[in-house]
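Enquirer: okay, sequence plus prediction incoming.
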Amino acid sequence: NAGVTQTPKFQVLKTGQSMTLQCAQDMNHNSMYWYRQDPGMGLRLIYYSASEGTTDKGEVPNGYNVSRLNKREFSLRLESAAPSQTSVYFCATTPGDANTGELFFGEGSRLTVL
Amino acid sequence: QQQVKQSPQSLIVQKGGISIINCAYENTAFDYFPWYQQFPGKGPALLIAIRPDVSEKKEGRFTISFNKSAKQFSLHIMDSQPGDSATYFCAASPETSGSRLTFGEGTQLTVNP
């Protein structure tokens, strides 16, 4: 039972390159989220998907796109990476988009953009 | 614009001491206040949470105190242990936004043996 799995765990990109971060969950949860974590700024919501087939912008969506491929998978794409996107990215899930507050996080993907 | 402000940024406590982390919020629509604990190389995990209908919630050595009129809440860790060394995040959300939490900046806690 892996929970929330993120790939890759580490990635180095050059400015302008593109890449996709993958997230898969085996918890049968409906809602999935992408956060970025930066020192001194906590975690900030990039995009979320309340249920399969829906996606919405969070607090910091610029420069990112997402795809909810199916109930299990939610990917985050950087079309043209910028140094400001150097961060640790976390995928998270909840059973439903209700105010239970308990997010289940993956272990993170550390991205460096040179 | 940080809607949830957390302090201190870092905290060093001796084993057996009390660790206190404070958070303040602006949005009066917030009605759910969880705390997350994060160990190095891991994702955050829910530690304890409170809703504004109570002023305090205790789970083992961890207590949340909530002051609705001051729009502040805090985490107290009693009898702090080296294993408590981690980064702690407070968070908040209004019921209407579901689990889309707004997080504080984080506090790095070190408990010395």
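Expert: Nice, thanks for sending it over. Numbers count the residues shown, from 1 in each chain, chains lettered A, B, ... in the order given.

Enquirer: hey, let's count contacts and neighbours off CA atoms from now on
Expert: Will do.

Enquirer: I'd assumed residue A:61 was in a helix, is it?
Expert: No: looking at residue A:61 with DSSP: H, G, I helix; E, B strand; the rest coil, it is coil, so not inside a helix.

Enquirer: so what's the residue count around the residue nearest to residue B:106 when sequence neighbours are not counted?
Expert: Residue nearest to residue B:106 in three dimensions, not counting chain neighbours: residue B:89, with 4.6 Å by Cα to Cα, 6 or more residues apart in numbering or on different chains. Neighbour count of residue B:89, defined by other Cα atoms under 10 Å in any protein chain shown: 27.

Enquirer: wait, what's in contact with residue B:111?
Expert: B:12, B:13, B:14, B:15, B:80, B:81, B:82, B:83, B:84, B:85 (Cα atoms under 8 Å, 6 or more residues apart in numbering or on different chains).

Enquirer: that older thread, got the contact list for the residue nearest to residue B:106?
Expert: Residue B:89 neighbours (Cα under 8 Å, 6+ apart): A:42, B:6, B:35, B:36, B:37, B:103, B:104, B:105, B:106, B:107.

Enquirer: what strands line up against the strand or helix carrying it, and which way round?
Expert: Applying DSSP states H and E as the criterion places residue B:89 in strand B:86-94. Here strand B:86-94 is paired, per DSSP bridges, with strand B:30-38 (antiparallel), strand B:102-103 (antiparallel), strand B:107-112 (antiparallel).

Enquirer: need those in CSV with mean pLDDT, can you?
Expert: Output for the strands paired with strand B:86-94, formatted as CSV (pLDDT from 0 to 100):
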stretch, mean pLDDT
strand B:30-38, 93
strand B:102-103, 92
strand B:107-112, 97
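
Enquirer: any idea which of these is most buried?
Expert: strand B:102-103 (a mean of 24; mean count of other Cα atoms under 10 Å in any protein chain shown).

Enquirer: what sits up against that strand?
Expert: With contacts defined as Cα under 8 Å, 6+ apart, strand B:102-103 is touched by A:42, A:43, A:44, A:45, B:3, B:4, B:89, B:90, B:91, B:92, B:93.

Enquirer: show me which of those residues are buried.
Expert: Neighbour counting by 16 or more other Cα atoms under 10 Å in any protein chain shown classes A:42, A:43, A:44, A:45, B:4, B:89, B:90, B:91, B:92, B:93 among the contacts of strand B:102-103 as buried.

Enquirer: mind listing the strands for chain B?
Expert: Taking DSSP state E as the criterion, chain B carries its strands at B:4-7, B:10-14, B:19-25, B:30-38, B:45-50, B:56-59, B:62-67, B:72-77, B:86-94, B:102-103, B:107-112.

Enquirer: the nearest residue to residue B:44 once chain neighbours are set aside pairs with what?
Expert: Closest residue to residue B:44 apart from its sequence neighbours, by Cα to Cα, 6+ apart: residue B:38 at 4.3 Å. Under DSSP bridges, the beta-bridge partners of residue B:38 are residue B:87.
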